[in-house]
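Colleague: Model the following, please.
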Amino acid sequence: MVSIIIPSYNCREYISETINSVLNQTYSDYEVFIIDDKPSDGTPELVQNKIAFDNRFHLIRLDDNQGAGKARNIGIEMAAREFIAFLDGDDLWKPTKLEKQIGFMNEKNYPFTYTYYEKIDSNGKLLEPKVTSPDEINYIKMLKSNYIGCSTAIYNQAILGKIYMPDIRKRQDYGLWLKILKSTEKGYCLKETLMQYRVRPG
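Modeller: Reported below is the predicted structural model:
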C-alpha cells in the first residue's frame, strides 16, 4: 500500500535508527527504497547488512552524488504502491505514523497529507516538543512559507499520478508540495506529532 523513499547521504551514524523506526511501524504493508547518494562514510555496507533479511527493503546505489531531490525522484520512479511517503535518512517516525496517517487519508479520501513533528538533536535529545502546521493548505498559502516537514508528508499517486521534485539542490520538498497543490485543491494535516526531525551540525 505504501512506498517509502529514504535518501541517504553520510547518515551512517543515524541510518540504523531510521530503518528501525520503519521496522517498528504498526502498519507493515510497505516497500522501502533507500537511495544511496554516493556517501563517503560507509553507509551502504551498513544498510545492506541491516536490510538483508527483509525483502521489503531495496538499496539503490548511485554512481555519483546527485543531491536529495534527484535521489528521491529515483525512488518516486520506482514506487509501485498507492501511497508515497518520504523519510530522510536521519529522521525518525513514531511507531503509529503510517497506520494513523494512511487511515486518515483513506477515511477522508485525502490525496495529500502531513503531520506535526518534533525536533531532536544529533544525540536524540528533544529540542522542540511540537512543530505544528496549518489544518489545511492550498497553493496560495503555501507560497508564503513551507509549512510541511518533508518526513511527515504522504501523497496518493493512484489519485494524483507520479509527481516529482524539481531539479534543484535545495528546498526540493517545498517545490514538490507546490507542484502537488497545483494538482489537488488542498493538503490536510493530521494533528498529531508522528515524526522526529533531527537537527545536526552541517
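
Colleague: where exactly do the helices run in this protein?
Modeller: Taking DSSP state H, the helices of the chain run over residues 15-23, 43-51, 68-78, 97-108, 139-142, 157-160, 172-183.

Colleague: Neighbouring strands - and their directions - for the longest strand along the chain?
Modeller: Taking DSSP state E as the criterion, the chain has its longest strand at strand 187-198. Using DSSP bridges, the strands paired with strand 187-198 are strand 92-93 (antiparallel), strand 112-120 (parallel), strand 136-137 (antiparallel).

Colleague: Please point out which parts of it sit buried.
Modeller: 187-190, 192-198 (16 or more other CB atoms under 10 Å). Using the backbone N, CA and C atoms, a C-beta is placed for each residue, glycine as well.

Colleague: how far off helix 15-23 does that strand point, in degrees?
Modeller: Interaxial angle, strand 187-198 versus helix 15-23 (axes from the mean of the first three to the mean of the last three CA atoms, to 10 degrees): 140 degrees.

Colleague: picking up where we left off before, for the helices of the chain, give me TSV that also has mean pLDDT, distance to residue 130 and mean neighbour count.
Modeller: Formatted as TSV, the helices of the chain follow (pLDDT from 0 to 100; distance: least, CB to CB, whole Å; neighbours: other CB atoms under 10 Å):
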stretch	mean pLDDT	distance to residue 130	mean neighbour count
helix 15-23	96	18	19
helix 43-51	85	30	17
helix 68-78	91	25	20
helix 97-108	98	15	18
helix 139-142	97	20	14
helix 157-160	98	28	15
helix 172-183	96	20	18
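
Colleague: Dump those helices to a markdown table, plus distance to residue 62.
Modeller: Formatted as a markdown table, those follow (distance: least, CB to CB, whole Å):
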| stretch | distance to residue 62 |
| --- | --- |
| helix 15-23 | 15 |
| helix 43-51 | 10 |
| helix 68-78 | 7 |
| helix 97-108 | 26 |
| helix 139-142 | 29 |
| helix 157-160 | 22 |
| helix 172-183 | 16 |
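
Colleague: related to what we said a few turns ago, reformat the buried residues of strand 187-198 into JSON lines and put distance to residue 165 and pLDDT next to each item.
Modeller: Formatted as JSON lines, these follow (distance: CB to CB, whole Å; pLDDT from 0 to 100):
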{"residue": "187", "distance to residue 165": "16", "pLDDT": "98"}
{"residue": "188", "distance to residue 165": "21", "pLDDT": "98"}
{"residue": "189", "distance to residue 165": "21", "pLDDT": "98"}
{"residue": "190", "distance to residue 165": "22", "pLDDT": "98"}
{"residue": "192", "distance to residue 165": "26", "pLDDT": "98"}
{"residue": "193", "distance to residue 165": "25", "pLDDT": "98"}
{"residue": "194", "distance to residue 165": "22", "pLDDT": "98"}
{"residue": "195", "distance to residue 165": "19", "pLDDT": "98"}
{"residue": "196", "distance to residue 165": "22", "pLDDT": "98"}
{"residue": "197", "distance to residue 165": "18", "pLDDT": "97"}
{"residue": "198", "distance to residue 165": "20", "pLDDT": "96"}
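
Colleague: Since that was my last question, I'll sign off now.
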